[in-house]
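Colleague: Provide a 3D model corresponding to the input given below.
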Amino acid sequence: MIIPILIALASLAFGVAFYFHAVHSERRNQHSSFLISWLLIALTPVFLVFTFFPSSSISGSVQGFTFGGAVAAFVFVWVYGSRRSVPLSSLDRLQEALDLERSKGEELEAQLSRLTATEGPTVLADQQVFAYGIASRRDRQVLLVTGDILNVHFADLWVNSENSNMQMSRFFERTISAAIRYHGAKKDELGSVQEDTIANELAQKMGAATSVAPGTVLVTSPGQLASTHGVKAILHVAAVTGEPGAGYTRVSDIARCVTNVLEKADSLSISPPPASIVFPLLGTGTGGAGLETTARRLLNAAVNWLGSERSIHITKVYFLAYRDSELIACRSVLAEAGSVLPMKLPKRP
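Modeller: Predicted coordinates:
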């Protein structure tokens, strides 16, 4: 009789020790270890029942199967404990996915460092879309789209990174502002602008004012971009400020620009309500802001807003990565974020 008792006590001791070791361990698959610990603990009543009650008629049923005696005791303890531990085992798979994304992020950061130190950034000609679901609201996504904004035909709203004077770039400058202004204007058959639609409307919005506060958002119609790209509205945000003789600098609270734009976009009186919006990397062009730091602030602001209850209509927020360095920086930021998970997209974004 003493041997079964010693085996029972040893099983219990090892099971409890294994359980607490798993609780305090930081190794991978620690949550799966709970299943093994409960198996050891469940063996304890088996030996005790066999020892003291060999003819026991204790019985129970699990999913239509009936068990008696020591087997019933084992099944009860193990099923009860494992049912409370199985949900935790899914955390192991999630942790492995997060570790993989972090390692990808580290590699992307290394690529970015090598890129900026040697070759310099390259314009991305082909369009690719990378999607990340918001962990707390899986119907919301932050997405990265590569290439020229003029290749984007699937976003309801476009964001224009503008100066605090709300003066759009001249037609043939290499900026998002210039592209929006020119392609939104009415032109004749030869391409000459006949009506500067968006810039005129923006000037009317300004009225007698010569500047706005940083982060201010003004909304105009999309002009010809409505028919050519399916755009419903342009949101102009004061993301840079100018100083005579010094040029433009990014506004200090660039994250607030993202939040202000998204709040404005979500409240637009458009039927049906817009569901998607595309941002350039605000302040990294003429504003001269650091790429990695700015990308982190912009993306985190979008992720936080999408994960909040403020997000009603907008479900997809795109960020434009025109160069490979911008794509690497953005993917690195999102790989580190614990509140998003990479997603597979259908053929069309």
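
Colleague: these two touch, right, Y248 and G242?
Modeller: Yes. The criterion here is C-beta atoms under 8 Å, and Y248 meets it with G242 at 5.0 Å. Heads up, the C-betas are built off the backbone N, CA and C, glycines and all.

Colleague: which residues do those two both contact?
Modeller: Counting by C-beta atoms under 8 Å, 6 or more residues apart in numbering, the contacts common to Y248 and G242 are N163.

Colleague: how's the chain carved up into domains?
Modeller: 2-89, 121-343 (automatic domain parsing).

Colleague: now, of these, which is deepest in the fold?
Modeller: Highest mean neighbour count among the domains of the chain (mean count of other C-beta atoms under 10 Å): domain 121-343, with a mean of 18.

Colleague: what residue ranges in the stretch 101-250 of the chain score low on pLDDT?
Modeller: By pLDDT under 70, the weakly predicted segments of the stretch 101-250 of the chain are 101-120.

Colleague: That one: helices as residue ranges?
Modeller: 176-184, 197-206, 225-229 (DSSP state H, counting those that start in this stretch).

Colleague: For R331, find the nearest of those helices.
Modeller: Closest of the helices of the stretch 101-250 of the chain to R331 is helix 176-184, at 20.7 Å (criterion: C-beta to C-beta).

Colleague: tell me which strands and helices that closest one is in contact with?
Modeller: strand 157-163, helix 197-206, helix 225-229 (3 or more C-beta pairs under 8 Å, 6 or more residues apart in numbering; DSSP states H and E).

Colleague: Same list (these) but as a markdown table, adding distance to R174.
Modeller: Shown next, in a markdown table, are the helices and strands packed on helix 176-184 (distance: least, C-beta to C-beta, whole Å):
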| stretch | distance to R174 |
| --- | --- |
| strand 157-163 | 13 |
| helix 197-206 | 17 |
| helix 225-229 | 18 |
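
Colleague: what's the closest of these to P274?
Modeller: Judging the helices and strands packed on helix 176-184 by C-beta to C-beta, what sits closest to P274 is strand 157-163, at 5.1 Å.

Colleague: Which strands border that closest one, and is each parallel or antiparallel?
Modeller: strand 233-243 (parallel), strand 276-279 (parallel) (DSSP bridges).

Colleague: would JSON lines of the ones you listed with distance to E162 be doable?
Modeller: Shown next, in JSON lines, are the strands paired with strand 157-163 (distance: least, C-beta to C-beta, whole Å):
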{"stretch": "strand 233-243", "distance to E162": "5"}
{"stretch": "strand 276-279", "distance to E162": "13"}
